[in-house]
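K.L.:
Compute the structure for the input listed below.
(one chain, ligands or ions: 1)
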Amino acid sequence: MPKETNKTNTNDKLEELDQNREDSTGQFLTTNQGLRVSDDQNSLKAGPRGATLLEDFILREKITHFDHERIPERIVHARGAAAHGYFQVYESQSELTKAGFLQDSSLKTPVFVRFSTVAGSRGSSDLARDVRGFAVKFYTEEGNFDLVGNNMPVFFIQDAIKFPDLIHAVKPEPNNEIPQAASAHDTFWDFISLTPESMHMIMWTMSDRAIPRSYRMMEGFGVHTFRFINADGKSRFVKFHWKPLLGVHSVVWDEAQLISGRDPDFHRRDLWDAIEGGAYPEWELGVQIVEEEDEHKFDFDLLDSTKLIPEELVPVQRIGKMTLNRNPDNYFAETEQVAFHLGHLVPGLDFTNDPLLQGRLFSYTDTQLKRLGGPNFHEIPINRPIAPVHNGQRDGHMRQTINVGRTSYGPNAINGDSPAQAGQKEGGFTNYPERIDANKVRARSKSFMDHYNQAKLFWNSQSDTEKTHLIKALRFELGKVVVDDIRNRMLMHLAQVDATLAKGVAEGLGLDVPSSNDVQLNKSVPADANPADYQSVPAKATVGSSAALSMANPPKVGIKTRQVAILAADGVDASALNAMKEALSAEKAIIAIIAPRLGMLKTSTGETMKIDASLQTAASVLFDAVYVPGGKSSVKSLLQEDEAIRFVHEAFMHCKAIAATGEGVELLKAAATGGAEKLLDSDGVITSLDATDADVPSQFIEAIGQHRFWSREKKLV
Ligand code: HDD
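P.N.:
So this is what the prediction gives:
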């Protein structure tokens, strides 16, 4: 029988993790066998200067363990950060699914969520232009359910058999292992330019979605179409979405590159700090439901992972909320050893025949066997379900469970046929009995051949700023390509998506858009196939747009957890500084006082204040906004610091909210290029010569809430 709903199962998981926690505070040092060690500073030698003795088992144990500390990093998604939390459904979804964790609004289901980049190694920068992984492990009472998604709703390829090619192409090139964590190189674009099915995904990865402001401000998507099954056995198609309550925001590419130098752990740190500070990130779980009989009513195939269902056609229903409220205790034990797998499923859910999904079902367990070293990785605390585990599986590397009794097989009579198979009534999982009657073929469905229309839909749905950023991203990426043919092939594809897009990119590359309209560029055609079967469907002249695909006009969600820098030095205007600090704190923004040096600051009234960072370690790219209060001697000192001028200049270039009062305005003038008037008159720049102007804090808060002021940027479309 499944465990009774106890409404507190988040505690079960935490208690289980607690049992494995080791805290050496106040304890003696021991070997792994529990032997107390008296000297951990010197190895055992023949005399103080003598040779070290092989007999020194303490030395050997310590060094051997150290030598084996690293496990193979994930072949993809190697770099990540994770957090614990819980999920709660708003109301029972029994009409749609019998999944236990979606029935009871008072039940908190524990989750562990790992965010990641895809291409880079474990030590690469968080700010690479890349897809972000968004993997959620629900520890439900019916077993673990893993929703292993990304922050983009579509994927590069339609069939899993191409995944190794895609990843080989994007990873550093094999001869010199360059470049790290970047798609801007020949092999990636060579592959993409021969793979038209990637064009929709390319629109997403070249958009600012690929450089998020924070993991906390990203959407998540299950990508594939799954099935929900209710207690009557009725199946419906479902797509999963995560909608962040902090809105969806990104940085700009120049900023991303600078952050990679200033703080390559920017996203990891942001998640950690927010949770430590009690600002728990939240996402609503959304579902798009398609009735079984509507499977073929769209002009794309629901089984094709390069397509999304526009929200205008099928609205997203928000059915519950996930809150991340606890950082891991140990990066390796939890974040590195967590093992996700699409095949970790619970009753009430099932797969579809999406060929990308089907291949993934093989890959994840296989990769854990290599990475975690054997078949018992489910016994590692972070991977253990809260549901009890009973089966005849035995032995293997690092087995932890001590299975009692004589039987490890079924049927058996010796142990009363235990463990017994569970019927549906007892919570046993059954597959949806989908009818399959087909020839065995290696082929791609014709319904998968429309490679440009949704790329076009994405392009049409972007604001002019987003279109400009997309063109610039493609100019950057293809600008780093060395082989000319690749650029020309890409321009041909882009021309299929949109003429302005192709022209904008071509201009930046100093090329003309090729006149050929060759939609036959699909080189992913099997040897003996009829090329006509693989011909891409030409893009329609007009394709609609979908508001949900744009990050422009994000919902106003306030400035909670936004990072605000206050530039100050000795003599800073105390009342202006304090009034701004008070106003920002009331909105739960995070404030940092940045000064020419570390230590304490003396304000105009003699008050001392702690400096959070010096201009040498801080940079505007690590903040959402900057304020320069007045105070004659403070501003005079700042004007002598190149870093202070650069700080404001960069914040302006990156379209951030800037405020200055009293003499602080002088620093803004010094930071202006192209005339002080231009900077002072720009949107999102709030100045007042009145040192304690009471309107400035509220105007500044309103401006930070806008995220960025794109009117400062030159548009390309
Ligand atoms: Fe994958 C990891 C997401 C296609 C094979 N994948 C991995 C992770 C995420 C995704 C978020 C990291 C999980 C973690 O944090 O540990 N992958 C996706 C999405 C895909 C996708 C959204 C397309 C819709 N993946 C995909 C294919 C294959 C793989 C087609 C292979 C056929 N993915 C893997 C893997 C990884 C992995 C090799 C590496 C580490 C791991 O599994 O545990 O098995």
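
K.L.:
going forward, measure contacts and count neighbours with C-alpha atoms only.
P.N.:
Will do.

K.L.:
show me what contacts the closest residue to the ligand within the stretch 601-717 of the chain?
P.N.:
Residue of the stretch 601-717 of the chain nearest the ligand, by CA to the nearest ligand atom: residue 622 (25.0 Å). By CA atoms under 8 Å, 6 or more residues apart in numbering, residue 622 lies in contact with 259, 262-263, 266, 563.

K.L.:
can you tell me which of these lies nearest to the ligand?
P.N.:
Using CA to the nearest ligand atom, those come closest to the ligand at residue 266, 17.7 Å.

K.L.:
and residue 146, bridged to which residues?
P.N.:
Using DSSP bridges, the bridge partners assigned to residue 146 are residue 137.

K.L.:
The protein against the ligand: which residues are in contact?
P.N.:
Contacts of the chain with the ligand, taken as CA under 6 Å from any ligand atom, map to 74-77, 114-115, 133-135, 148-150, 155, 160, 163, 223, 339-340, 356, 359-360, 363-364, 367-368.

K.L.:
Leaving out sequence neighbours, find the closest residue to the residue nearest to the spatial centre of the chain.
P.N.:
Closest residue to the average C-alpha location of the chain: residue 132 at 3.5 Å, with CA atoms, centre = their mean. Nearest residue to residue 132, sequence neighbours excluded (CA to CA, 6 or more residues apart in numbering): residue 117, at 4.7 Å.

K.L.:
Residue 557 and the ligand, how far apart?
P.N.:
27 Å (CA to the nearest ligand atom, to the nearest Å).

K.L.:
Let's verify that residue: helix, strand, or coil?
P.N.:
Secondary structure state of residue 557, per DSSP: H, G, I helix; E, B strand; the rest coil, is coil.

K.L.:
That one touches residue 705, doesn't it?
P.N.:
Yes - using CA atoms under 8 Å, residue 557 makes contact with residue 705 at a distance of 7.0 Å.

K.L.:
For those two, indicate the residue with more neighbours.
P.N.:
Between residue 557 and residue 705, residue 705 has the larger neighbour count (other CA atoms under 10 Å), namely 19 against 11.

K.L.:
Now do the buried residues in the host helix or strand of residue 652.
P.N.:
If you go by DSSP states H and E, residue 652 is part of helix 642-653. If you call a residue buried by 16 or more other CA atoms under 10 Å, then helix 642-653 has these buried ones: 643-653.

K.L.:
which secondary structure elements does the longest helix seen in the chain contact?
P.N.:
Identified as the longest helix of the chain according to DSSP state H is helix 355-372. The contact analysis (3 or more CA pairs under 8 Å, 6 or more residues apart in numbering; DSSP states H and E) places helix 355-372 against no helix or strand.

K.L.:
So for the next helix or strand after it, mean pLDDT?
P.N.:
Once the chain leaves helix 355-372, the next helix or strand it forms, by DSSP H and E, is helix 453-461. For helix 453-461, mean pLDDT rounds to 97.

K.L.:
which is the next helix or strand following helix 453-461?
P.N.:
Past helix 453-461, the next helix or strand by DSSP H and E is helix 464-479.

K.L.:
okay, that following helix in CSV with CA atoms only?
P.N.:
Provided in CSV are the C-alpha atoms of helix 464-479 (Å, rounded to 0.1, in the frame of the first residue of the first chain):
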residue,chain,number,x,y,z
ASP,A,464,12.8,45.8,-31.6
THR,A,465,15.4,45.7,-28.8
GLU,A,466,15.2,41.9,-28.6
LYS,A,467,15.6,41.7,-32.4
THR,A,468,18.6,44.0,-32.2
HIS,A,469,20.2,41.8,-29.6
LEU,A,470,19.5,38.7,-31.7
ILE,A,471,21.1,40.2,-34.7
LYS,A,472,24.1,41.3,-32.7
ALA,A,473,24.4,37.8,-31.1
LEU,A,474,24.5,36.2,-34.5
ARG,A,475,27.1,38.8,-35.7
PHE,A,476,29.2,37.9,-32.7
GLU,A,477,28.9,34.1,-33.1
LEU,A,478,29.3,34.0,-36.9
GLY,A,479,32.0,36.7,-36.6
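
K.L.:
what's the angle between it and helix 453-461?
P.N.:
Using axes from the mean of the first three to the mean of the last three CA atoms, to 10 degrees, the inter-axis angle of helix 464-479 relative to helix 453-461 is 130 degrees.

K.L.:
Can you pull out the residues in contact with helix 464-479?
P.N.:
So helix 464-479 is in contact with 183-185, 189, 203, 206-208, 253, 459, 487, 501, 504-506, 508-509, 550, 552, 710, 713, 715-717, going by CA under 8 Å, 6+ apart.

K.L.:
After that helix, which helix or strand is next?
P.N.:
By DSSP H and E, the next helix or strand past helix 464-479 is helix 484-497.

K.L.:
Could you identify the helix or strand that succeeds that following helix?
P.N.:
helix 499-509.

K.L.:
so what strands line up beside the helix or strand just after that following helix?
P.N.:
Next helix or strand after helix 499-509 toward the C-terminus (DSSP H and E): strand 563-567. If you go by DSSP bridges, strand 563-567 pairs up with strand 590-595 (parallel), strand 625-628 (parallel).

K.L.:
Pick the most deeply packed of those.
P.N.:
strand 625-628 (a mean of 28; mean count of other CA atoms under 10 Å).

K.L.:
now it, how far from the centre of its chain.
P.N.:
28 Å (CA atoms, centre = their mean, to the nearest Å).

K.L.:
picking up where we left off before, now, of the residues of the chain next to the ligand, which are buried?
P.N.:
74-77, 114-115, 133-135, 148-150, 155, 160, 163, 223, 339-340, 356, 359-360, 367-368.

K.L.:
now, which of the residues you listed lie within helices?
P.N.:
Short answer: those in helices (DSSP H) are 163, 356, 359-360, 367-368.

K.L.:
out of those, what pair is the most spread apart?
P.N.:
356 and 368 (18.8 Å; CA to CA).

K.L.:
Quick check: end-to-end length of stretch 646-666?
P.N.:
14 Å (CA to CA, to the nearest Å).

K.L.:
do the same with stretch 154-173
P.N.:
End-to-end for stretch 154-173, by CA to CA: 25 Å.

K.L.:
and for that stretch, what are the contacting residues?
P.N.:
Contacts for stretch 154-173 (CA under 8 Å, 6+ apart): 76, 119-120, 178-183, 185, 187-191, 197-202, 223-224, 304-308, 355-360, 448.

K.L.:
and what of stretch 59-67?
P.N.:
31, 43-44.

K.L.:
Please report phi then psi for residue 605.
P.N.:
Dihedral angles of residue 605 (phi, psi; degrees, to the nearest 10) stand at phi -100, psi 10.

K.L.:
Also the one 4 residues further on?
P.N.:
In terms of degrees, to the nearest 10, the main-chain angles of residue 609 are phi -140, psi 140.

K.L.:
just checking, residue 149 touches residue 219?
P.N.:
No - shown here, residue 149 and residue 219 do not form a contact pair, counting by CA under 8 Å, at 10.2 Å.

K.L.:
mind listing what the residue lying closest to residue 71 once chain neighbours are set aside touches?
P.N.:
In space, and not counting its chain neighbours, residue 71 is closest to residue 371: 6.2 Å by CA to CA, 6+ apart. By CA under 8 Å, 6+ apart, the residues touching residue 371 are 71-74.

K.L.:
Sounds good, over and out.
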